[in-house]
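S.K.: Sequence first, then the predicted structure, then my questions.
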Amino acid sequence: MVRPDWLLPIERPPIHQGFLVLSHDQIQYLGQDLPSQFEHVPQIRLADYAILPGLINSHCHLEFSDLALPISAEKSFASWIQSVIRHRATATPAPSERMSLRRAAMDQGIKESYDCGVRWVVDMTTSPWQAEWVETSVLAIAKAARSWAKHVWVPTIPISVQPCIELVDVNETRLEQTRSFALSLYESRDQQQTCLSPLGPTSQLEAESSIRPVGRLGLAPHSPYTASTELTRWSQRKSFEQHRLVAMHLAESFDEMQWIEKQVGPFESLMRPFVNENYRSGLGSVTERLHCLSQSWRSLVVHGNYLTDSELDYLGLAFEKMAIVHCPRTYAHFGHGNSDGQSMVTRYPMQERMQMGVRHFLGTDSRASNPNLNLWSEAQSVRATQREVSSLDILRMITTDPAEFLRLPGGVGRFQVGSQAGLTAVKLNKNKAATIYDCLLSPETTTHPLEKVLLNEPISPAASEIEKLR
């Protein structure tokens with residue numbers, strides 16, 4: 001039993017110095033008053049902490065987790081992409097080393113995410129990739145936690161990764177490579193029966209309670225400059241038929257929009273060596289991509305920085321199936337927001353977009369554009385730059401809202417009786433704020449997996465034993 005300063009279920013009012021009972025990977029009780037059946041349970045008093053649902057990172061590229069510093073974006077977005085391509089090439093000098101280096105980067109990113117209190121990561125996945133890498137990393141975290149947390153409950157699956165397989169078709173060779181990669185992963189995962197079964201009606205969704213290291217495979221037609229409208233349609237059809245998530249980088253940069261609309265600017269020289277004429281003829285528009293993605297089971301519009309008002313109106317109408325994933329520190333890294341594309345950071349118009357009905361989640365993107373994978377720092381960045389957006393709404397963007405939207409199994413990202421007990425602890429500071437939610441997102445607070453915090457806290461006798469002593 002845990003008794004922190006605050007229990008914050010997000011979808012229910014805050015509970016001050018209430019009780020939380022955990023057992024067998026589930027939340028058994030949370031509330032202000034302790035029922036008599038739990039009086040025999042020893043308790044841990046967690047002063048200066050609040051407990052939240054497990055955090056959900058809705059957009060990440062774990063493969064770049066080996067980078068110590070972000071790749072410079074001082075020039076154009078196109079030049080940054082060229083630097084990323086060079087990094088991929090130089091980081092794997094020999095084909096024989098590529099698998100081990102990629103696996104090590106994935107392992108590092110998963111551990112870093114877990115240490116920050118993240119319980120679910122939507123990862124953009126490219127070849128080489130193996131589900132066994134993720135499973136081994138996650139189970140190693142669980143095994144290590146059990147070894148040092150003798151007296152503390154530890155989740156069986158402390159963090160899960162949901163891979164969205166990147167698809168590219170700038171030419172026939174790349175199309176064949178990426179589609180074959182996606183289909184082979186689907187077949188192998190289905191045969192092994194180690195990923196979630198296809199999601200169906202609500203009754204089946206509610207019955208699905210299995211949490212596994214690798215979440216249900218999704219699709220990621222990469223972007224309008226690398227994935228044609230036809231490939232986007234193919235992804236949409238697979239998503240609709242098989243209830244798979246689709247994620248796509250869309251309207252991310254000024255350079256990208258120039259090239260999609262007029263095929264001019266820095267992207268023209270970047271893309272010319274790779275793109276054949278068939279791809280150019282099927283390029284389409286951002287609006288067409290949005291309309292296509294809206295027919296998916298669920299779709300994430302990654303970044304969406306340069307969407308027009310009419311496109312945002314459309315997103316607002318399709319909020320049950322579509323959401324923007326905003327990556328605040330990556331947004332700042334690229335200096336978005338200036339109409340001429342020059343490097344000047346202006347405020348992302350989150351409140352205005354939310355008023356149009358556009359649903360928002362948060363992500364870290366990657367270490368190629370971000371100093372780390374700390375999702376809590378993204379939420380704090382929104383709090384610092386978006387004064388009109390409430391702290392409670394920001395917290396929903398990294399917990400209960402994506403959990404509901406993505407139909408995550410076992411109550412991941414929720415804080416209620418019966419849910420999976422992978423929770424996040426927030427170390428509070430002494431600053432006074434208007435609400436506990438505002439205090440939570442102040443700059444000095446930090447997040448951790450609840451089980452790692454409990455490790456260092458003394459266990460007190462059960463309430464019934466204290467009563468006997470009196």
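M.R.: Looks like it came in fine.
S.K.: CA only for contacts and neighbour counts going forward, please
M.R.: Fine.
S.K.: quick one: low-confidence parts of the stretch 251-400 of the chain?
M.R.: Counting by pLDDT under 70, the stretch 251-400 of the chain shows low-confidence ranges at 282, 337-345.
S.K.: swap the cut-off to 50 and go again
M.R.: 339-344 (pLDDT under 50).
S.K.: what does stretch 356-366 rub up against?
M.R.: 57-62, 64-65, 312-313, 315-317, 319, 322-330, 354, 370, 372-375, 378-379, 397-398, 401-402 (Cα atoms under 8 Å, 6 or more residues apart in numbering).
S.K.: Let me see the ranges of the helices in the stretch 101-250 of the chain.
M.R.: Taking DSSP state H, counting those that start in this stretch as the test, the helices found in the stretch 101-250 of the chain are 131-148, 172-192, 202-207, 229-242.
S.K.: Can I get those helices in TSV including mean neighbour count and mean pLDDT?
M.R.: Shown next, in TSV, are the helices of the stretch 101-250 of the chain (neighbours: other Cα atoms under 10 Å; pLDDT from 0 to 100):
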stretch	mean neighbour count	mean pLDDT
helix 131-148	17	91
helix 172-192	14	75
helix 202-207	12	36
helix 229-242	19	93
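S.K.: With distance to Phe334 as added columns, please give those in TSV.
M.R.: Converted to TSV, these look like this (distance: least, Cα to Cα, whole Å):
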stretch	distance to Phe334
helix 131-148	30
helix 172-192	28
helix 202-207	39
helix 229-242	26
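S.K.: circling back: narrow the contacts of stretch 356-366 to those in strands?
M.R.: Those of the contacts of stretch 356-366 mapping onto strands are 57-60, 322-326, per DSSP state E.
S.K.: State the pair within those residues that is farthest apart.
M.R.: Greatest spacing in these, by Cα to Cα: Cys60 and Met322 (17.7 Å).
S.K.: that older thread, quick one: closest of the helices of the stretch 101-250 of the chain to Thr424.
M.R.: When the helices of the stretch 101-250 of the chain are compared (using Cα to Cα), the closest one is helix 131-148, at 15.0 Å.
S.K.: And the top strand by length along the chain, what does it pack against?
M.R.: Longest strand of the chain, by residue count under DSSP E: strand 43-53. With contacts defined as 3 or more Cα pairs under 8 Å, 6 or more residues apart in numbering; DSSP states H and E, strand 43-53 has these neighbours: strand 2-7, strand 423-427, helix 450-454, strand 459-460.
S.K.: and with 6 Å instead?
M.R.: strand 2-7, strand 423-427, strand 459-460 (3 or more Cα pairs under 6 Å, 6 or more residues apart in numbering; DSSP states H and E).
S.K.: Dump those into CSV; add distance to Val134 as well.
M.R.: CSV is the format used below for the helices and strands packed on strand 43-53 (distance: least, Cα to Cα, whole Å):
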stretch, distance to Val134
strand 2-7, 30
strand 423-427, 20
strand 459-460, 33
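S.K.: Out of those, which is closest to Glu176?
M.R.: If you check each of the helices and strands packed on strand 43-53 against Glu176 by Cα to Cα, strand 423-427 wins as the nearest, at 41.1 Å.
S.K.: Run the chain-centre distance for that closest one.
M.R.: Relative to the centre of its chain, strand 423-427 is centred 17 Å away, using Cα atoms, centre = their mean, to the nearest Å.
S.K.: Next, the residues that contact it from outside, please.
M.R.: Outside strand 423-427, the residues that touch it by Cα atoms under 6 Å, 6 or more residues apart in numbering are 49-54, 117, 445-450.
S.K.: Helices of the stretch 251-400 of the chain, start to end?
M.R.: Assigned by DSSP H, counting those that start in this stretch, the helices in the stretch 251-400 of the chain fall at 254-262, 266-271, 277-281, 286-293, 309-317, 328-334, 350-355, 375-385, 391-397, 400-405.
S.K.: Now do the buried residues in the second one.
M.R.: The one in question is helix 266-271. 266-268, 271 (16 or more other Cα atoms under 10 Å).
S.K.: now do the fourth one
M.R.: Using 16+ other Cα under 10 Å as the test for burial, helix 286-293 gives 286-287, 289-290, 292-293.
S.K.: next one: the longest one
M.R.: For helix 375-385, a neighbour-count test (16+ other Cα under 10 Å) marks 375-383 as buried.
S.K.: between it and strand 322-326, what angle do the directions make?
M.R.: 90 degrees (axes from the mean of the first three to the mean of the last three Cα atoms, to 10 degrees).
S.K.: in stretch 69-78, what's buried?
M.R.: Counting neighbours by 16+ other Cα under 10 Å, the buried set in stretch 69-78 is 70-73, 76-78.
S.K.: tally of neighbours for the closest residue to Cys327 other than its chain neighbours?
M.R.: What sits nearest to Cys327 in space, not counting adjacent residues and going by Cα to Cα, 6 or more residues apart in numbering, is Gly363, at 4.9 Å. Applying other Cα atoms under 10 Å, we find 29 residues neighbouring Gly363.
S.K.: quick one: Gly363 and Glu378, what's the gap?
M.R.: Gly363 sits at a distance of 7 Å from Glu378 (criterion: Cα to Cα, to the nearest Å).
S.K.: what's the answer for Thr385, then?
M.R.: From Thr385 to Glu378 the distance is 11 Å (Cα to Cα).
S.K.: Pull the number of nearby residues for Ala104.
M.R.: For Ala104, the neighbour count with other Cα under 10 Å is 17.
S.K.: Sorry, wrong one. I was asking about Leu101.
M.R.: Leu101: 15 neighbours (other Cα under 10 Å).
S.K.: again, but for Phe405
M.R.: Phe405, neighbours per other Cα under 10 Å, totals 17.
S.K.: Share the number of residues neighbouring the closest residue to Val275 other than its chain neighbours, please.
M.R.: With sequence-adjacent residues excluded and distances taken as Cα to Cα, 6+ apart, Val275 is closest to Val170, at 4.9 Å. Burial measure for Val170: 23 neighbouring residues, criterion other Cα under 10 Å.
S.K.: cool, Val21 as well?
M.R.: 20.
S.K.: what's across from it in the sheet?
M.R.: As for beta bridges, Val21 partners with Tyr29 under DSSP bridges.
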